[in-house]
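S.K.: 3D model of this:
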Amino acid sequence: MKKLLFTLVYIIFSITLFAKPTPIDSLKKRMEALEVNSIKYSKANDSLIAANSNLLKQADYNEKLLNKYDILNNYLFATMGVLFAAFGLIGYFLIFKPARDDLKEVQTFLHDIRNDMGKLFSEYIIKNRDTLIDNALSNIENDNLPEITNSVAYIDAHKHEGFNDKQILRMIKLLKKNNKDGHIFMEALWFTENDFAEEFLIEYLRKRPMDNLTEYTILYFAKYNKLKYLNDIAQYVLDGERLIGAIANMKTESVSFTVQLLNNDILVNGHPEKQLITHMVYLDMYSQDVVQQLDLHNTKLYQKYLSIRLTPPTP
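M.R.: Numbers count the residues shown, from 1 in each chain. The predicted structure follows:
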């Protein structure tokens with residue numbers, strides 16, 4: 001049994017020993033494998049170099065192509081810019097400019113329409129107002145008692161808008177009849193510069209200087225700067241000793257006209273001394289604003305007052 005076991009071990013050891021390659025054989029196989037791999041690596045390296053060379057050539061080609069593309073692109077944009085500019089000019093002269101001209105025409109047309117509509121509306125308002133004024137005057141002329149109060153109120157409410165010649169003449173006629181609402185018509189005339197009104201008012205001032213409605217006449221002349229009537233106004237002031245009242249009322253209409261009155265020779269020479277002193281003392285005490293507005297101290301009337309005060313009384 002032992003011999004059999006020993007024999008088997010020997011056989012297995014011999015097989016193993018002779019089956020294992022020697023170090024020389026192993027090295028030789030490794031060298032052969034290394035040579036094969038070196039050849040493969042060399043071929044791969046040659047392929048890589050060739051591929052890299054192709055890539056460089058392709059990159060150079062692409063760069064040249066890009067340069068050509070840039071040149072072509074710049075040329076194309078330049079050409080398109082010129083074309084767009086040309087088309088823009090053509091569009092401006094063929095489309096935009098005519099359209100803008102048409103727009104201006106439309107705007108002008110609309111502006112004219114608005115003006116025309118405004119004029120038509122204003123004409124309608126004036127015509128409608130004139131109709132109502134005429135009806136109101138008719139009610140007063142015909143003594144239509146139920147409507148007189150409203151008619152007078154309507155005329156008074158619209159006096160600041162002025163009146164036409166026919167309406168002025170109708171109011172003058174009512175004033176000549178001593179109508180109880182005369183102050184309304186006098187004030188209405190005051191709001192309208194009119195030849196008929198002017199003629200009537202100067203006649204009224206000359207013939208009825210003591211009438212309480214005459215005050216409206218000097219306001220009218222001051223408002224419309226009727227300097228040719230200064231002598232008549234001066235006489236009116238002297239006759240009624242109305243200097244303070246006349247100055248107070250007239251300066252609200254025209255400061256320059258009031259100053260002209262204070263320099264009027266008829267008023268200066270015709271003023272009684274005692275009355276003049278009373279008036280000037282009152283004005284000096286009344287308001288410095290009035291004194292400054294009228295430059296009172298430089299007027300002929302005030303200078304006369306000073307000369308009276310400085311003149312010693314006669315023994």
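S.K.: buried residues of the one helix or strand residue 307 maps to, list them for me.
M.R.: For residue 307, the element it lies in under DSSP states H and E is helix 300-310. Applying a neighbour-count criterion of 16 or more other C-beta atoms under 10 Å, the buried positions in helix 300-310 are 301, 302, 304, 305. (C-beta placed from N, C-alpha, C; glycine too.)
S.K.: quick one, domains of the chain?
M.R.: Domain ranges of the chain: 81-192, 193-315, per automatic domain parsing.
S.K.: could I get the ones you listed as JSON lines with mean pLDDT?
M.R.: Output for these, formatted as JSON lines (pLDDT from 0 to 100):
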{"stretch": "domain 81-192", "mean pLDDT": "78"}
{"stretch": "domain 193-315", "mean pLDDT": "90"}
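S.K.: mean neighbour count, the ones you listed: which tops it?
M.R.: The highest mean neighbour count among the domains of the chain, using mean count of other C-beta atoms under 10 Å, belongs to domain 193-315: a mean of 16.
S.K.: before we move on, the earlier item: may I have the helix holding residue 307 as PDB, with CA atoms only?
M.R.: Presented in PDB, the C-alpha positions along helix 300-310 are these (Å, rounded to 0.1, in the frame of the first residue of the first chain):
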ATOM      1  CA  LYS A 300     -51.800 169.200 -11.500                       C
ATOM      2  CA  LEU A 301     -54.700 169.100  -9.100                       C
ATOM      3  CA  TYR A 302     -52.500 168.100  -6.100                       C
ATOM      4  CA  GLN A 303     -49.900 170.700  -7.100                       C
ATOM      5  CA  LYS A 304     -52.600 173.300  -6.900                       C
ATOM      6  CA  TYR A 305     -53.500 172.100  -3.500                       C
ATOM      7  CA  LEU A 306     -49.900 172.400  -2.300                       C
ATOM      8  CA  SER A 307     -49.700 175.900  -3.700                       C
ATOM      9  CA  ILE A 308     -52.800 176.900  -1.800                       C
ATOM     10  CA  ARG A 309     -51.500 175.500   1.400                       C
ATOM     11  CA  LEU A 310     -48.100 177.300   1.000                       C
END
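S.K.: from the contact counts, what lies against it?
M.R.: helix 255-262, helix 265-270, helix 273-286 (3 or more C-beta pairs under 8 Å, 6 or more residues apart in numbering; DSSP states H and E).
S.K.: who's in contact with residue 247?
M.R.: Counting by C-beta atoms under 8 Å, 6 or more residues apart in numbering, residue 247 makes contact with 258, 261, 262, 283, 290, 294.
S.K.: that one sits in which helix or strand?
M.R.: Going by DSSP H and E, residue 247 is part of helix 243-253.
S.K.: what are the phi and psi values at residue 225?
M.R.: Backbone torsions for residue 225, taken as degrees, to the nearest 10, come to phi 50, psi 50.
S.K.: OK, contacts around the nearest residue to it once chain neighbours are set aside?
M.R.: The spatially closest residue to residue 225, leaving aside those adjacent along the chain, is residue 257, at 5.8 Å (C-beta to C-beta, 6 or more residues apart in numbering). Counting by C-beta under 8 Å, 6+ apart, residue 257 makes contact with 221, 222, 225, 227, 250.
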